[in-house]
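Asker: Here is a sequence together with a model predicted from it:
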Amino acid sequence: MAIVGIRGIPNSYGGFETLTEYLVEYLAPHMEITVYCSSKDMDTSLTTYKGANLKYIPLSSHGSIGILYDSIAFAEALIKYDKVLFLGFGGGFVLPFFKKYRSKIILNLGGLDWKRNKWSGFAQAVIKTSERLLVRYSAGLVADNIGIRNYIFDTYNRNSTLIAYGGDQAVKRAPEKDSLEKYAFLQGEYAFSVTRIQEDNNIDMILDAFCSAHRIPLVMVGNWTNSAYGIRTKSKYVGRAGLFLLEAIYDREKLDVLRSNCTVYIHGHSAGGTNPSLVEAMSLGLPVFAFASGYNEFTTENKALYFRDRAELAALVQNYKNSDLGSMGMELQNIAHRLYRWEIVAGQYKKLIMADVK
């Protein structure tokens, strides 16, 4: 089988890459897997990884060229492999020309990417059209969240298999001397968020709320320098009391030290689906204040606390000591142990891949 639609592995980017890594880890001993990667985006040129074969396409997976990257990889994979797991929203435009391969395709859209306000109206229309073609011409559909499953059925009248993400790669780690010296906030209470710095993740809302509450420091880790929005936003808030705006950390052990010792986790994602950073926080047993997107409530089974705007988050922050954060963290951790473990996720994908979908 082949996996198409990601930047590549080893992962240093996002949720679909993490999913691919763990599918490879659990499934490569049982089946031959080829993962399509971008030679423009990846820092390595490995030919194999954890038992999977890596195939490179000399195009970037980002921006408008990413649709071409996805399309070329998708077309080749459909011809060469017996099953193709496609992750994301690109590549749909080639499918009308490959209708005879429909039975090979398993699709995981992730979130509703066309809703992200980082895209222009034209780009949103292109992504939505690609989504429609992908759903129409894929034999198997995966929804990572009940809300996404409902969307697929309501919009396209198609059933999908509910398979979320694992979060048990996140590990609680006590800070050592060098971490305590580098990050003084580790010695006290603090809120924490790790996120891509884009508007639909409600970055300004979160930062404004903490600035107005003046109750507990906020540590936000993200790719601040990768976009004009990130650079502009960081320059607006950097230096304000109680805000620690850190660049993206791809070393998982270092990231785990920072997030596993926080007092409360702040999750602002709004675009839909089950977000990997949220289930990782749940696996760590962290109490969560999450944006009320509908999807986040499904992921947390309504056991977190939710906000819809700056004022509601500021109120939660102002009164955080009055919340039973310990009990909330334990409830969320129990949900994660029941639903969001990679062994479970990989087993569900294996069942779907081995099924004779038509």
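Answerer: Perfect, thanks for sending it. Numbers count the residues shown, from 1 in each chain.

Asker: From now on I want contacts and neighbour counts done on CA atoms only, so please keep to that.
Answerer: Will do.

Asker: State the number of residues packed around G63.
Answerer: By other Cα atoms under 10 Å, 10 other residues sit near G63.

Asker: tell me what the helix-or-strand element of the chain with minimal mean pLDDT is packed against?
Answerer: Using mean pLDDT, DSSP states H and E, the weakest-scoring helix or strand in the chain turns out to be helix 121-137, at a mean of 86. Applying 3 or more Cα pairs under 8 Å, 6 or more residues apart in numbering; DSSP states H and E, one finds that helix 121-137 makes contact with strand 105-108, helix 146-156.

Asker: Would you give the sheet partners of the helix or strand following that helix, along with the direction of each?
Answerer: Counting by DSSP states H and E, the next helix or strand C-terminal to helix 121-137 is strand 140-143. Looking at strand 140-143 with DSSP bridges, its partner strands are strand 105-108 (parallel), strand 161-162 (parallel).

Asker: right, so those strands: which one is the most enclosed?
Answerer: Across the strands paired with strand 140-143, the average number of neighbours (mean count of other Cα atoms under 10 Å) peaks for strand 105-108, which reaches a mean of 24.

Asker: Provide the contact partners of it at residue level.
Answerer: The contact list for strand 105-108, computed with Cα atoms under 8 Å, 6 or more residues apart in numbering, reads 78, 83-88, 134-135, 137-144, 353.

Asker: returning to what we had before: turn the helices and strands packed on helix 121-137 into a markdown table, columns for mean pLDDT and distance to L162.
Answerer: Formatted as a markdown table, the helices and strands packed on helix 121-137 follow (pLDDT from 0 to 100; distance: least, Cα to Cα, whole Å):
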| stretch | mean pLDDT | distance to L162 |
| --- | --- | --- |
| strand 105-108 | 95 | 10 |
| helix 146-156 | 93 | 7 |
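
Asker: Let's have these in CSV, adding distance to G239.
Answerer: Listed next are the helices and strands packed on helix 121-137 as CSV, based on distance: least, Cα to Cα, whole Å:
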stretch, distance to G239
strand 105-108, 40
helix 146-156, 38
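
Asker: which of the ones you listed sits most buried?
Answerer: A comparison of the helices and strands packed on helix 121-137 by mean neighbour count, using mean count of other Cα under 10 Å, puts strand 105-108 on top with a mean of 24.

Asker: Tell me where the chain is predicted with low confidence.
Answerer: Scanning the chain with the threshold set as pLDDT under 70 gives 12-13, 111-119, 356-358.

Asker: Run through the strands of it in chain order.
Answerer: According to DSSP state E, the chain carries its strands in the segments 2-4, 34-38, 48-49, 52-57, 84-87, 105-108, 140-143, 161-162, 191-194, 218-222, 243-247, 264-267, 288-291, 305-307.

Asker: strand partners of the second one, parallel vs antiparallel please.
Answerer: Just to be clear, that refers to strand 34-38. In the sheet, strand 34-38 lines up with strand 2-4 (parallel), strand 52-57 (parallel) (DSSP bridges).

Asker: Select, out of those strands, the one closest to L243.
Answerer: Closest to L243 of these is strand 2-4 (Cα to Cα; 38.3 Å).

Asker: can you list the residues that contact that closest one?
Answerer: 20, 33-37, 70, 73-74, 77, 81, 83-87.

Asker: Which of those residues ranks first by neighbour count?
Answerer: Ranked by neighbour count (other Cα under 10 Å), the contacts of strand 2-4 have D70 at the top, with 31 neighbours.

Asker: For the residue lying closest to that one once chain neighbours are set aside, give me its contacts.
Answerer: Residue nearest to D70 in three dimensions, not counting chain neighbours: G91, with 4.9 Å by Cα to Cα, 6 or more residues apart in numbering. Listed by Cα under 8 Å, 6+ apart, the contact set of G91 reads I67, L68, Y69, D70, S71, I72, F74, S130, L134.

Asker: Kindly reformat the strands paired with strand 140-143 as JSON lines and extend each row with distance to L46.
Answerer: Formatted as JSON lines, the strands paired with strand 140-143 follow (distance: least, Cα to Cα, whole Å):
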{"stretch": "strand 105-108", "distance to L46": "25"}
{"stretch": "strand 161-162", "distance to L46": "32"}
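
Asker: Any idea which of these gets closest to A311?
Answerer: The nearest among those, by Cα to Cα, is strand 161-162 at 34.0 Å.

Asker: Before I go, just wanted to say thanks for your time.
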